[in-house]
Each structure stands twice: as structure tokens, then as C-alpha cells.
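1. this one's structure only:
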């Protein structure tokens, strides 16, 4: 995470601004000999082309970015070849100050413009020195190319220092990518600058024609990259929609959403969070029964990215797709639960209970461990419905199921077989003694009166148990033994009245 600007960062920014002011002052003094005859067409061409290049940021990767000086190679080389170095620096300073985003804080605009001016000043100085050493037109061209590269490296080095002062360490493998996001693009930019500078020396008409051609090339390049970016974003949203349709959990939906949001905006940090964030771009995500937020936080290393008006709509479109995916995940989970659970009591239904028994037998045969099965039957439960009504009877069934569920472990199973019969699978009971103890514990818990809207109802239960493989190696034999044990228990004297039911006082 980036830290707040430190004292060192503030000092660094002040030094950059002071250096830029010094460079401009020296340029103004040096430009005095041309005060009576400024090369206005050349100045106008450089400024116009520079503003055009800055106004049309190219899309690189999945986000719109200003390529710092990468797109400005044309302007630097052309200015070096067409204008004296002081005037070239003044022209570029004008472009930089005007083109710095006005929505940025004033201090940030000043520092950004000053850093660019200092870098270009260093590049122009290198170009002048090399041209003086080599001499001739070839020396001027080579000096202009080297000066543009020096300006780019100087600007990049200053940016890395600025990030370091703010606590952002750029990985070594990413530094060259920050320097030249598109090397071929920069080389082409330099070549266009050389052509513009040489043609501009032929006269004002040739300069105007060359400037218009260079401007047209940049407009076409910008439009083509914009179309490629739009296609990329459409593909990202389409791929995300397909992936989200196949997602099976909330975590998977959130991971796909965060990954797609980061790719759409060309940033590394994106997440789906439970609360809105005070920083970063975000969009609310309504799905799965509650609200979440897609939050994208560009760090300082991604500060060259331009915040576009489409960014939030893109996140909102993604949020809509993700919300549908979350609703589908919740719906599928509810359908799976409904297919396996009894709608009245919430425990497993008969089919899921049979499946749990088969899995227990398979596990026992594989691992050589036993388990117990208990049949639980509510004695003469029909009398409850007849005397207290079906709503009270439903309350009794729900309470009995809840008590059974509370007495077993997470790995054990409780199922309603139908009516007033329940099945309990106990993986920890491997002997007859353990099974009888577990059955006795369940009987004690179920002996407590059940509070209903009609009053407290005392329900008598019969429980029969069987142990695998002691009482049968297959399910039929095991269940027959448990069923027989339950009926034997039912024949024992009960604590209730003759019908097995009484209203508790």
C-alpha cells in the first residue's frame, strides 16, 4: 500500500519544481536573440502536435494510459530539428503545462509538469552536445534521437524515485515495461519525428503538410487502439459472463469478478468487499441476498492510467452480471438443499438418509470401522394431531428433529423417514454398548415436554439400534435389526398414559 507523502517526497517535489523553473529561466534568457524573429510556424506546429498527442492517450493492455513521453517522441525529435534548443524547450513546456489534467490537484499538476520539463531539458541538452560533436545534418538527427531517449530515461528514473519516496517498490521485472510499454510504438514515434523535422526544413507549406499527415497518423492510431480496447473489454465481459454462469460458490464468483474488474480497468488491485470504500473506483453488487462492492484501487505505479467516464459503467455492467451469478449460486444451493432435506424439519429426507447409510457402509468396508443406526418412532403420534391439531403436531416434529440434531456430531446424520419416524446414523458408536448408551441419551433428551401453541406436550418415543457389521453386513439386515429393536422397545412399559401421550402440567 502506498504511504502518505513523506518529508523526503515533499522535498523531492520542491526540487523538481525549482529545477524546472531554472531551466525555463535559462531558456528565456537564451531565447532573447530570437525575440525579433521567432519561427512562429515551427513553434505552432510543435505545440499543436504536442497537444494532439497528449489529448489522445492510447489504450495499452486493458486500460487507457498516458504513455508518459513514449507518444511524445515525435514532438521531441521534431522540436529539436526545427527549433533552437531554448525555444524547443519553451514549446514543450507550454504543451506540458496546458496538457496536464486540470482535475489533478494544483500541486500535483505543477510537479508533473516540472518533472517532464526537466527531463526534456536534459534530453535537449544531450541532443545539442551530440550534434555539436558530430556536426552536419546526420549529427543533428542522431542528436535528436539520442536526446529523445535521454528525456524518456530521465523522466522514467524520476518517476521511479517518486514512487520509492511514496513507499511503492516497482518490481525489477516491471521497470522496463514502465519505461517502454510499447517499444515499437516509440521507435515509430521517433521515425515520424525525424520525417517531420526534415520535411519542415523545406518550407512552411511542407511543414504544414507534414504536420497534418503526422496528426492524421496519430488520430488513426488512437482510433484503432480505441477499437481494439473496446473489443478487449467486450471479450472480457463476455468471458466473465460465461465463467460466472459456471461458478458454483460465492467465493468463485467474487474471485472471477475481482479478476475481471482489474483487467477491465488495467489495474492490479481489485476486490469484492462487504462495505463501500472511501477510495478507488467502485460499483455496488446486489446479489445473493445482500449488497457487496466491487472496488478497484490503482496504486501509484498505475498513476499514468487515465480515469475515463466509462470506468464506473463498466464496473456496473460487471456488477450486474456478477449479481445474477450470485443469485444463481444461491438458487442452486437452495435447490440442492431442498432435494436432500425434509421441508418441515430441515433434517435429511428419506432419500438422503438412504444415501448416508450407503456411504457409511462403504466407509466401514474401506476403513474397517463400525457405526450404529437408530430408529426413532413417536408413539401414537396420531393422537397429537387429533387432540392438539396439525400445527402443534408440526411443532412437535420440528422440535424432535432439532433435539436429535443437537445431540449428534457434524459427521453424523439425522433423517426423517416419513410421518413420525426418524433415522440417526452415529459414526462414533462402534459397539452394542455404545449404541445402547447413545439411544438412551437420545430417549432422555426427547422425554422433555415440547412447548407448542396449545401448551406443553409430552411425547413418548421408541428407539431401536443396530451396529454394523455386528448386526448385519448389508443394509437390509442392519435395518431389520434396528426395526426389531425399536418394536421391542415400544413393547416396554412407558412413562406416559396408555396411549403414550399426556398433556404436561
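-> Looks like it arrived, so ask away. Since we're looking at a predicted model, the values are computed, not measured.

2. Could you list the low-confidence segments of the stretch 301-450 of the chain?
-> Low-confidence segments of the stretch 301-450 of the chain (pLDDT under 70): 301-309.

3. Which residue ranges of it form strands?
-> Using DSSP state E, counting those that start in this stretch, the strands of the stretch 301-450 of the chain run over 371-378, 413-418, 421-426, 450-452.

4. Please apply the same query to the stretch 1-150 of the chain.
-> Using DSSP E, counting those that start in this stretch, strands in the stretch 1-150 of the chain cover 59-60, 63-64.

5. Least confident of these, on average?
-> When the strands of the stretch 1-150 of the chain are compared by mean pLDDT, strand 63-64 comes last with a mean of 49.

6. So, low pLDDT: which residues of the stretch 101-250 of the chain?
-> In the stretch 101-250 of the chain (pLDDT under 70), the answer is 101-113, 166, 168, 170, 173-182.

7. Figure out which of the strands of the stretch 301-450 of the chain is closest to residue 465.
-> When the strands of the stretch 301-450 of the chain are compared by Cβ to Cβ, strand 371-378 sits nearest residue 465, at 4.8 Å. In this view, the C-beta of every residue, glycine as well, is placed from N, C-alpha and C.

8. when you compare where that closest one runs with where strand 421-426 runs, what's the angle?
-> Between strand 371-378 and strand 421-426, the angle comes out at 160 degrees (axes from the mean of the first three to the mean of the last three Cα atoms, to 10 degrees).

9. Paired strands for strand 371-378, with orientation please.
-> strand 421-426 (antiparallel), strand 461-468 (antiparallel) (DSSP bridges).

10. For burial, what's the neighbour tally of the spatially closest residue to residue 206 that is not a sequence neighbour?
-> Among residues not flanking residue 206 along the chain, residue 199 sits closest, at 4.9 Å (Cβ to Cβ, 6 or more residues apart in numbering). Under the neighbour criterion other Cβ atoms under 10 Å, residue 199 is assigned a count of 21.

11. Only the buried residues of the host helix or strand of residue 199, if you could.
-> According to DSSP states H and E, residue 199 maps onto helix 183-200. For helix 183-200, the buried set under the neighbour-count rule, 16 or more other Cβ atoms under 10 Å, comprises 185-186, 189-190, 192-200.

12. For these, give me TSV that also has distance to residue 279.
-> Listed next are those as TSV, based on distance: Cβ to Cβ, whole Å:
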residue	distance to residue 279
185	32
186	32
189	34
190	38
192	39
193	39
194	44
195	45
196	42
197	44
198	48
199	48
200	46
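
13. sorry, back to before: adding distance to residue 215, write the strands paired with strand 371-378 out as TSV.
-> Converted to TSV, the strands paired with strand 371-378 look like this (distance: least, Cβ to Cβ, whole Å):
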stretch	distance to residue 215
strand 421-426	79
strand 461-468	85
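
14. want to throw these into TSV with distance to residue 114 and mean neighbour count?
-> Output for the strands paired with strand 371-378, formatted as TSV (distance: least, Cβ to Cβ, whole Å; neighbours: other Cβ atoms under 10 Å):
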stretch	distance to residue 114	mean neighbour count
strand 421-426	76	24
strand 461-468	82	24
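
15. which helix in the chain runs the most residues?
-> helix 204-245 (DSSP state H).

16. same for the following helix or strand past that one, what does it pack against?
-> Sequence order places helix 250-265 as the next helix or strand after helix 204-245, per DSSP H and E. Under the contact criterion of 3 or more Cβ pairs under 8 Å, 6 or more residues apart in numbering; DSSP states H and E, helix 250-265 touches helix 204-245, strand 270-273, strand 281-287, strand 290-296, helix 311-340.

17. Could you figure out how far the last one is turned away from strand 413-418?
-> Computed with the same axes, to 10 degrees, the direction of helix 311-340 lies at 60 degrees from that of strand 413-418.

18. Okay, angle between helix 311-340 and helix 204-245 too, please.
-> Using the same axes, to 10 degrees: helix 311-340 against helix 204-245 is 10 degrees.

19. May I see the buried residues of helix 311-340?
-> For helix 311-340, burial by neighbour count (16+ other Cβ under 10 Å) applies to 311, 314-315, 317-319, 321-323, 325-326, 328-329, 340.

20. The third one now?
-> The neighbour-count criterion (16+ other Cβ under 10 Å) identifies 281-283, 285, 287 as the buried residues of strand 281-287.

21. Let's have those residues in TSV, adding pLDDT and distance to residue 95.
-> Below are the buried residues of strand 281-287 laid out as TSV (pLDDT from 0 to 100; distance: Cβ to Cβ, whole Å):
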residue	pLDDT	distance to residue 95
281	79	29
282	82	34
283	87	35
285	86	42
287	81	47
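
22. Output those residues as TSV; include the columns distance to residue 273.
-> Supplementary listing: the buried residues of strand 281-287 in TSV, determined by distance: Cβ to Cβ, whole Å:
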residue	distance to residue 273
281	13
282	8
283	11
285	9
287	14
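
23. Looking at those, which one is closest to residue 252?
-> Checking the buried residues of strand 281-287 one by one against residue 252 (Cβ to Cβ), the nearest turns out to be residue 287, at 13.2 Å.

24. and the residue most central in space within the chain, how far is that from residue 274?
-> Centroid-nearest residue in the chain, with Cα atoms, centre = their mean: residue 258, separated by 1.4 Å. The spacing between residue 258 and residue 274, counted by Cβ to Cβ, to the nearest Å, is 13 Å.

25. what would the helices and strands packed on helix 250-265 look like in TSV with distance to residue 48?
-> Below are the helices and strands packed on helix 250-265 laid out as TSV (distance: least, Cβ to Cβ, whole Å):
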stretch	distance to residue 48
helix 204-245	7
strand 270-273	38
strand 281-287	33
strand 290-296	35
helix 311-340	29
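
26. Quick one: closest of those to residue 120.
-> Each of the helices and strands packed on helix 250-265 has some distance to residue 120 by Cβ to Cβ; the shortest is helix 204-245, at 18.5 Å.

27. packing partners for the closest one?
-> Identification of packing neighbours for helix 204-245 by 3+ Cβ pairs under 8 Å, 6+ apart yields helix 40-55, strand 59-60, helix 73-82, helix 183-200, helix 250-265, helix 311-340.

28. Turn those into CSV, columns for distance to residue 142.
-> Conversion of the helices and strands packed on helix 204-245 to CSV gives the following (distance: least, Cβ to Cβ, whole Å):
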stretch, distance to residue 142
helix 40-55, 20
strand 59-60, 28
helix 73-82, 11
helix 183-200, 10
helix 250-265, 40
helix 311-340, 42
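
29. Might you report the residue contacts of the residue nearest to residue 206?
-> If you count contacts by Cβ atoms under 8 Å, 6 or more residues apart in numbering, residue 199 has them with 206-207, 209-210.

30. quick one: which two of these are the most distant?
-> 207 and 209 (7.4 Å).

31. Mind checking which of the two has more residues around it?
-> A direct count of neighbours by other Cβ under 10 Å for residue 207 and residue 209 places residue 207 higher, at 22 against 14.

32. so the more buried one makes contact with residue 45?
-> Yes. In this structure, residue 207 is within contact of residue 45 by Cβ atoms under 8 Å, at 5.7 Å.
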